[in-house]
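J.: How does the following fold in three dimensions:
(2 chains)
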Amino acid sequence: MLENAYLIPFYPLLAFVVIIFFTRWKEKLSSYIAISMVLLAFVHSVFVMAAMLGRHGEPLEKIVTFISQPSLTLELGMYIDALTAVMLLVVTIVASCVQIYSLGYMHGDPRFSRYFSYLSLFTFSMLGLVIANNFFMIFIFWELVGLTSYLLIGFWFEKKSASDAGKKAFITTRIGDLGFIVGILILAAYAGTLNYQQVFEKVSSGALAPGIVTLAGIFIFCGAVGKSAQFPLHVWLPDAMEGPTPVSALIHAATMVAAGVYLVARAMTLFVGSAEAAMVVAVIGLITSLLAASIALTQNDIKRVLAYSTVSQLGYMIMALGLYGVDSAHGHHSPGYVAGTFHLMTHAFFKALLFLGAGSVIHAVHTNDIQDMGGLSKKMKITTITFFIASLSISGIFPLSGFWSKDEIVATTVGHPIFMIFTLAIAFMTAFYMFRLCFLTFTGKPRVQEKFDHAHESPKTMTYPLMFLAFLAIFAGWVGLPWLPHGFSSFVYHEEVHHAEPNYLLMLVSTIVALSGIGLSYLMYYKKSISADAIAEKIKPLYNLSYHKFYFDEIYNAVIIQPLLGLTNVLWWFDANVVDGFVNFIGWLTVKWADLKQWFDQYIVDGAVNGAGYFCMGASWLFRYLQSGSVQFYALTIIAAAIGLVIYRVTPLGFYYYLAGLLIMALSRVLARIFNNNRVKANSNVEG
Amino acid sequence: MGLLSYIIFLPLLGSLVILFLPKDNFKVIRWTSAFFSFIPMLLSFYLTYDYFFAFAGSSQMAYVEGPFQWISAISAQYFLGVDGISVPMVALTGLLSFLSILASFNIEKRVKEYFVFFLLLETGMMGVFVSLDFFLFYIFWEVMLVPMYFLIGIWGGPRKEYAAIKFFLYTLFGSIFMLVAILILYFTSNPHTLNILELIKTAPTLSHSLQLLCFAFFFVGFAIKVPVWPFHTWLPDAHVEAPTAVSVILAGVLLKMGTYGMLRVSWPMFPQGLKFFAIPIALLGLIGIIYGALVSMAQKDLKKLVAYSSVSHMGYCMLALGAFSSVTAMTGVMFQMVSHGLITGALFLLVGVLYDRAHTREIAAFGGLGVKIPVYTGLMVLFSMASLGLPGMSGFVSEFMVFVGSFSSFKIITALAVLGVVLTAAYMLRMVQRMFLGEFNIAKWGGLTEINLREILTVAPLAILTIIIGVYPGPLSNIMKATLENLVTLMAR
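T.: Take a look at the predicted model:
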């Protein structure tokens, strides 16, 4: 079963193909095909996990060539180690729960079959991403999960907000992918391979210059920033909540958004090889976590609170992994790698549960606004209990899953005091906003009676997955109990096992922090002994910043999107008028040149020919008067010429005057002649 | 007569046959032309298949015909042959010609002339891809222009005359430079020859300045065809005004003549010119990618959007062509040529399908079509995704190869070119959203009908090939591998 683990992604792919081409018209059948295939993938993953446990995490790699070039061979393959095995299980478990849950949630949707086909396509892509053995292949599936995310966020595409959100998600994550591509290009150019193990070997052996490792690490991390919705590309994830809620649970909480964390964990050797890159990772993780947690405090949309919570928790994981890189680069031990991956797993379960619980609530009251809810615990027992379990888990309350993984993260910050303070602050905020959500939704009096009256517990297809996930939200973390000799940390690790001793002081501190967060929200939203509104009023500017999500969308719109759209129009004008204008100008010039040549031809060249003709005609017209045949005229001419000669002899200048006089006389005679002729003609006309 | 001659001249024969058919019998004319493009398509597939198994390992010309003396006064020869870079182009031309003819079955105006011109065009295109003699090459190059001029000028849209003349003159302008360069080559060779393979051997011995000159002249000729920014403005006009099938051929085949010409002629012939101009060429590629994408984003007409996307996508080819020392980059160029032919061909076909029904291509006029025509929407989304380089489809493989290949030569330029990936996603998804998502205007488009079987059949092969190449590019890469390796050594001289 381990040997052919590459089959795991193909089960859901098969479901996708079958549904799209053959069973699209049969809704029930389509959904059953999808569910049975994902269950099959789950069973296979269980066997893979068993086999990996049997061989103590000894990795297995299989490779086929995709395309081979002299300088670089692109390959497809599978690389199964402990981390992969864990991820396979997490993905297939959550995907199974979500698909079963969707039977109830999506019941009656006109595109029911298509929904299941998309979910299958997503599961295929996500599993492919997990088993990839090289950066090229992970990028392929990285983009494919992006596609399915796009399709599913915009699943109800008639709503403009949904199609907007899908587009935003795709484009924003692609901005991160720019960096990812460049990182891959750097590795391809300098390491000559994209295979994880070969790249890491080159990094560890120092065959790559440190500067290159840093660059590659940071650029590859850009991909994670996009996909895991880290600052400054976090803006797409809250909007992605426009998709159906089970989709949010699967893609935008448990699996796809965790892909960035997985990528950082996978590429950990790069960050261990470069403390600078690792520090960038840690800082971005911390900023994101803090930012998102502070936004989550004031949101009223149940799904958006959870979305910001997801962003915040992902930041946690990223930070832990980054700190691991920093510490390891300096030769210190750190539980960060285990913490990040462990929290990735526990978070997947309790966050999926939270989303599915929220879906159950939305299904019942048809609103996302927690201000319109309240008192739902009376009508929705199972949903309420499971939601509270998940909230306790994410808040880090002993002995639930979240406690153990969060404790590891806090332990990672030992030695980084600034990180530790903020980490604890985030833990406090997390506990606060989660229980604000719980109290506002499930306890107190219904604030909108009509909605409350319609509310009902969801069908079994929805509650069973909730219960199963609640079980995992409690117990899944126990695989990482610090007292276990062969627990999570000795299974999933980077390079070598660091078995950390349990730190009871830290446990105590983080428990106190979590409890005080819960306590505060209990006082504010359950007891109402502290007025939330009064506090909000007191810190109005801060409250507004949080409520308006620090105005990221507005800033991006003003600074990037609008200028870009403006630029496109400017360039389009430039293209039509300047570039094409030049072409048309050349055309116009050619035509004008041709016109000019025609004019020249007509008036100058042809004009010269005709001009010669006219000249001759004019000259002959003049000269014929010399040949009038009148003897007196001839005699006169001779005398005039003789006089002229004499004058010329005496004074040459006078001759010219004389000649001019003669010409004038001749001309006046000619004119008189013409005039007379005309008069005679006119007279004869009158007489005639 | 060998296989290649059949592939070239069967369409010509077809157009002669159609001349003798009654002009009112549309059915006979249509099926005759379908037949005379179907056989060359099969032959071109057979050629690909056979080349793959028999010749792919070597960089030698295969299926050589000639050289036969033709016009001995100017030592013009009849000389045909194919290698790893022409075989995919021949197959692409065969496929797209046949599909375009199928897509032209709804032409009602002057049907007979239309198909006569179309088959003549196919002869010209095939000829360019298999000629190994400059005289022949140039003749086919010009032969293509004439039917194209009439196809746009008679069956085109509202501004067809302008577009047709612009296309014709612009290309002719380029080919004059090419002709001068050919004449220079002819007169400097000793003994005088027009044999391309001979000239590839001898031309690098030309003086440095002469190489630069010839390279530049050929470049202008080819660049206009690609089109390289800033020679691209004939393209949106020609593409938009041309009837659907002609746009497919323009985008799918004619643009590739430019890049093919570079790979076949000027790149291996003038290594010094190439070295001198490599960086400017890569820069022009970068400008094309970004500029084309941005201008695409501003388009209101769907067909114009696709047309400008071609400028952007062919920019990837130019970028990689600048990185002449990398086999990967050259593979990227070839993949991008094939992939762009398939994807953009399909996009134009789909645009035509919608235009036939809605009689408008204005993006803003639509909205929410996904409800009414889901199959059409699915296909359009599929090809939009292919166009924006989604993995699993050919566009991704080609873009990735282009990036990897170019990065070793141009770090910054390539890193900037990667921006094109996001911009492409932006304009494609914006288009998809505005046309197919959102609220459906039932009063306006309630009567819109779903894509029919014939139309699906014209697009389906392109979809299948796009996915096959995207998932399993090995065979295509093997066809061209030996040729490209040899080409890179020639360019390194």
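J.: Report the contact partners of residue B:234.
T.: For residue B:234, the contacting residues are A:583, B:163, B:166-167, B:170-171, B:224, B:227, by Cβ atoms under 8 Å, 6 or more residues apart in numbering or on different chains. C-beta: built from backbone N, CA, C; applies to glycine.
J.: Likewise for residue A:440?
T.: The contact partners of residue A:440, by Cβ under 8 Å, 6+ apart, come to A:370-371, A:373-374, A:525.
J.: And for residue 15, the neighbour number?
T.: Using chain A. By the other Cβ atoms under 10 Å in any protein chain shown criterion, the neighbourhood of residue A:15 contains 30 residues.
J.: you looked at the wrong chain, it should be chain B
T.: Residue B:15 has 24 neighbours, counted by other Cβ under 10 Å.
J.: what's the answer for residue B:403, then?
T.: The number of residues near residue B:403, taken as other Cβ under 10 Å, comes to 26.
J.: tell me the pLDDT at it?
T.: Per-residue confidence for residue B:403 comes out at a pLDDT of 95.
J.: ditto for residue A:493
T.: 83.
J.: and the closest residue to residue A:517 other than its chain neighbours, how many neighbours?
T.: Once its chain neighbours are removed from consideration, residue A:517 has its nearest residue in residue A:431; the separation is 2.9 Å (Cβ to Cβ, 6 or more residues apart in numbering or on different chains). The burial count assigned to residue A:431 is 26, neighbours taken as other Cβ under 10 Å.
J.: quick one, what contacts residue A:431?
T.: Taking Cβ under 8 Å, 6+ apart, we find residue A:431 in contact with A:395-396, A:513-518, A:521.
J.: one more time with 6 Å
T.: Residues counted as contacts of residue A:431 (Cβ atoms under 6 Å, 6 or more residues apart in numbering or on different chains) are A:395, A:514, A:517-518.
J.: Return the backbone torsion pair for it.
T.: Torsion angles at residue A:431 (phi, psi; degrees, to the nearest 10) stand at phi -60, psi -40.
J.: just the one 5 residues further on next, same as before
T.: With angles defined as degrees, to the nearest 10, residue A:436 shows backbone torsions of phi -60, psi -50.
J.: Can you give me the neighbour number for it?
T.: The burial count assigned to residue A:436 is 26, neighbours taken as other Cβ under 10 Å.
J.: And it, how close does it get to residue A:535?
T.: Counting by Cβ to Cβ, to the nearest Å, the gap from residue A:436 to residue A:535 is 12 Å.
J.: ditto for residue A:527
T.: Taking Cβ to Cβ as the measure, residue A:527 and residue A:535 are separated by 14 Å.
J.: and if you look at residue A:130?
T.: Residue A:130 sits 44 Å away from residue A:535, going by Cβ to Cβ.
J.: For those two, indicate the residue with more neighbours.
T.: Set side by side, residue A:130 and residue A:535 show more neighbours around residue A:130, with 28 against 11, by other Cβ under 10 Å.
J.: so where does the more buried one fall, helix or strand?
T.: Using DSSP states H and E, the secondary-structure element containing residue A:130 is helix A:112-131.
J.: any idea how far that helix is from the chain center?
T.: Offset of helix A:112-131 from its chain centre (Cα atoms, centre = their mean, to the nearest Å): 20 Å.
J.: Same question for stretch A:462-472.
T.: Distance of stretch A:462-472 from the chain centroid (Cα atoms, centre = their mean) equals 33 Å.
J.: Check what contacts that stretch and list those residues.
T.: When contacts are taken as Cβ under 6 Å, 6+ apart, the neighbours of stretch A:462-472 outside the stretch itself are A:97, A:100-101, A:104, A:349, A:352-353, A:356, A:360, A:382, A:386, A:389.
J.: go on, stretch A:493-507?
T.: Outside of stretch A:493-507, the residues within contact range by Cβ under 6 Å, 6+ apart are A:268, A:333, A:335, A:337, A:407, A:410-411, A:482, A:490.
J.: Just give me the closest of the contacts of residue A:431 to chain B.
T.: Proximity to chain B was ranked across the contacts of residue A:431 by Cβ to the nearest Cβ; first place goes to residue A:395, at 37.9 Å.
J.: can you list the residues of the stretch 201-350 of chain B near chain A?
T.: By Cβ under 6 Å from any Cβ of the partner chain, the residues of the stretch 201-350 of chain B that approach chain A are B:230, B:233, B:294-295, B:297-298, B:327-328.
J.: can you rerun that using 8 Å?
T.: By Cβ under 8 Å from any Cβ of the partner chain, the part of the stretch 201-350 of chain B that sits against chain A consists of B:230, B:232-234, B:291, B:294-295, B:297-299, B:326-328, B:331.
J.: Just the strands from the chain, written as ranges.
T.: The chain I'm using is chain A. When assigned using DSSP state E, the strands of chain A occupy the ranges A:60-68, A:73-80.
J.: I was after chain B.
T.: Counting by DSSP E, the strands of chain B are B:62-71, B:76-82.
J.: Could I get the ones you listed in TSV, plus columns for mean pLDDT, mean neighbour count and distance to residue B:255?
T.: Shown next, in TSV, are these (pLDDT from 0 to 100; neighbours: other Cβ atoms under 10 Å in any protein chain shown; distance: least, Cβ to Cβ, whole Å):
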stretch	mean pLDDT	mean neighbour count	distance to residue B:255
strand B:62-71	89	16	25
strand B:76-82	92	23	20
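J.: mind putting those strands in a markdown table, distance to residue B:419 included?
T.: Formatted as a markdown table, the entries for the strands of chain B read as follows, by distance: least, Cβ to Cβ, whole Å:
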| stretch | distance to residue B:419 |
| --- | --- |
| strand B:62-71 | 40 |
| strand B:76-82 | 37 |
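J.: tell me which of the contacts of stretch A:462-472 is nearest to residue A:341?
T.: Proximity to residue A:341 was ranked across the contacts of stretch A:462-472 by Cβ to Cβ; first place goes to residue A:349, at 13.9 Å.
J.: okay, now the domains of chain B?
T.: The record assigns chain B these domain ranges, following automatic domain parsing: B:1-269, B:277-493.
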